[in-house]
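Novice: Next comes the sequence, and after it the predicted model I'd like to discuss.
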Amino acid sequence: MKSLKCLENFKPTASNVYSSEEMCRLNIAMLAERGVTVDDITALAYNAQSKYLDNLTMDEMRESVLEVLTKRDQFHAILLAINIDMAAEQGLLMEPLQSILMKDLGLFGLDECIAIGIAGNYGQIGVTNFGFMDVSKPGKINILQNDKKHCHCFLDDIVGALAAVSAIRVAQRHAVLGEIEKTEEKK
């Protein structure tokens, strides 16, 4: 099977356990090679959350995306998604799965299950946010979904989940900071 260029010289560790920094670096490189940048995910997350937080900045959201990309669950989901999508692109899957993935059949649903696994790490609100992204298909998600040259059956959902949890992470942080400020004001 054809590999990503960013993984051509990759040597797995004996334990297959990687540091947060390694996972983030690999996630960024793998996503970029499949046409998704940190800025793409940041824009999706910012657009989802900026209507609720007046003082939200793109830099703050970018920081949240980068933090989310350090997590092991995301690393494994991105690896799996890209590997499955690339196997489908290269015609390596049995029918009818090959055709189902190449068409990104709406009734398939297992691609969403992996994305929901990511979203669920941030509670039901993470799942709800992902659901909105999955239905509305904003920005890069729509571009991936409609790419006729490549298979992004799994990746479009992973990108939506990454954006959803990045947005929720910022919302939760702002909620905690708001409570701290209220407590300080009462003193």
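Specialist: The structure has been received and is ready for your questions. Not measured: the values here are computed from a predicted model.
Novice: State which helix of the protein is the longest.
Specialist: Taking DSSP state H as the criterion, the chain has its longest helix at helix 155-186.
Novice: Tell me which other helices or strands that one touches.
Specialist: helix 38-49, helix 58-68, helix 72-89, helix 110-120, helix 123-136, helix 139-145 (3 or more CB pairs under 8 Å, 6 or more residues apart in numbering; DSSP states H and E). Where you see a C-beta, it was placed from the backbone N, CA and C, and this is true even at glycine.
Novice: which other residues reach the first one?
Specialist: It refers to helix 38-49. 28, 31, 56, 58, 61-62, 64-66, 69, 129, 132-133, 138-141, 159-160, 162-164, 166-167, 170-171 (CB atoms under 8 Å, 6 or more residues apart in numbering).
Novice: for the helix-or-strand element of the chain with minimal mean pLDDT, which positions count as buried?
Specialist: Within the chain, no helix or strand scores below helix 155-186, which has a mean of 85 by mean pLDDT, DSSP states H and E. By neighbour count on 16 or more other CB atoms under 10 Å, the buried set for helix 155-186 is 155-171, 174.
Novice: now do stretch 62-82
Specialist: Under 16+ other CB under 10 Å, the buried positions of stretch 62-82 are 62, 64-66, 68-71, 74-75, 77-79, 81-82.
Novice: surely residue 104 meets residue 146?
Specialist: No - if you go by CB atoms under 8 Å, residue 104 and residue 146 don't touch, sitting 9.5 Å apart.
Novice: So these two - more neighbours on which side?
Specialist: Applying other CB atoms under 10 Å to residue 104 and residue 146 shows that residue 104 carries more neighbours, namely 20 against 11.
Novice: Apart from its chain neighbours, what residue comes closest to the more buried one?
Specialist: residue 153 (4.4 Å; CB to CB, 6 or more residues apart in numbering).
Novice: That neighbour: what's it in contact with?
Specialist: Contacts of residue 153 (CB under 8 Å, 6+ apart): 84-85, 88, 101-102, 104, 108, 111.
Novice: what pLDDT does it get?
Specialist: With respect to pLDDT, residue 153 scores 97.
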